[in-house]
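Peer 1: Any chance you can model this:
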Amino acid sequence: MLFINVIGIGLMVLIAWWFWWRTPTVHSSQEGKVQIRVANGSYTPAHIRVPAHQPVTLTFVRDDASPCADRVLFPDLDIQSNLAVQQATSIEIPPLTPGEYTFHCQMQMYRGILSVE
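Peer 2: Next up, the predicted model:
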């Protein structure tokens, strides 16, 4: 019985780490174009660094058929888009001032950061 409890607690910690505590690698783009894969409960890359005052095109390719992955929102920019399975969906981000702009699915399980520097 103790063994089962330990495994259950370990799985809960792993899930919490995956969705909330994990620090993804940073992808930098000077060209203004980034492709983001939506799969396995995350955006890859999930942390994107782009230059300030330049437009950016983010192309999302959704491999995950989960209903949570069907929409991406940029709440600070008032931008949102549906993501079709196995199709590329491009989102034009206007020139931004330096700062961090989050993006996520409607349930905030998939999360990403757009760092403008």
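Peer 1: From here on, just use CA atoms for contacts and neighbour counts.
Peer 2: OK.
Peer 1: isn't Gly112 right next to Val38, touching?
Peer 2: No. Using C-alpha atoms under 8 Å, Gly112 is not in contact with Val38; the gap is 10.8 Å.
Peer 1: What's the first helix or strand after the worst-scoring helix or strand of the chain on mean pLDDT?
Peer 2: Across the helices and strands of the chain, mean confidence by mean pLDDT, DSSP states H and E is lowest for strand 26-28: a mean of 54. Sequence order places strand 33-39 as the next helix or strand after strand 26-28, per DSSP states H and E.
Peer 1: Strand partners (parallel or antiparallel) of whatever helix or strand comes next after that next one?
Peer 2: Moving toward the C-terminus from strand 33-39, the next helix or strand (DSSP H and E) is strand 42-44. With DSSP bridges as the test, strand 42-44 is paired with strand 33-39 (antiparallel).
Peer 1: List the contacts of the strand it pairs with.
Peer 2: Contacting residues not belonging to strand 33-39 are listed as 43-46, 56-64, 69 [C-alpha atoms under 8 Å, 6 or more residues apart in numbering].
Peer 1: same thing but 6 Å
Peer 2: Under the criterion C-alpha atoms under 6 Å, 6 or more residues apart in numbering, residues 43-45, 56-64 lie in contact with strand 33-39.
Peer 1: same question for that strand, mean pLDDT?
Peer 2: In this model, strand 33-39 has an average pLDDT of 93.
Peer 1: got it, and stretch 43-55?
Peer 2: On average, stretch 43-55 scores 92.
Peer 1: in it, what's buried?
Peer 2: For stretch 43-55, burial by neighbour count (16 or more other C-alpha atoms under 10 Å) applies to 43-51, 55.
Peer 1: so which of those comes closest to Met107?
Peer 2: Met107 lies nearest to Tyr43 out of those, by C-alpha to C-alpha, at 13.9 Å.
Peer 1: so what's the closest one bridging to?
Peer 2: Judged by DSSP bridges, the bridge partners of Tyr43 are Val38.
Peer 1: Pull up the gap between it and Val72, please.
Peer 2: Taking C-alpha to C-alpha, to the nearest Å as the measure, Tyr43 falls 10 Å from Val72.
Peer 1: same thing with Ser66?
Peer 2: With distances taken as C-alpha to C-alpha, Ser66 is found 13 Å from Val72.
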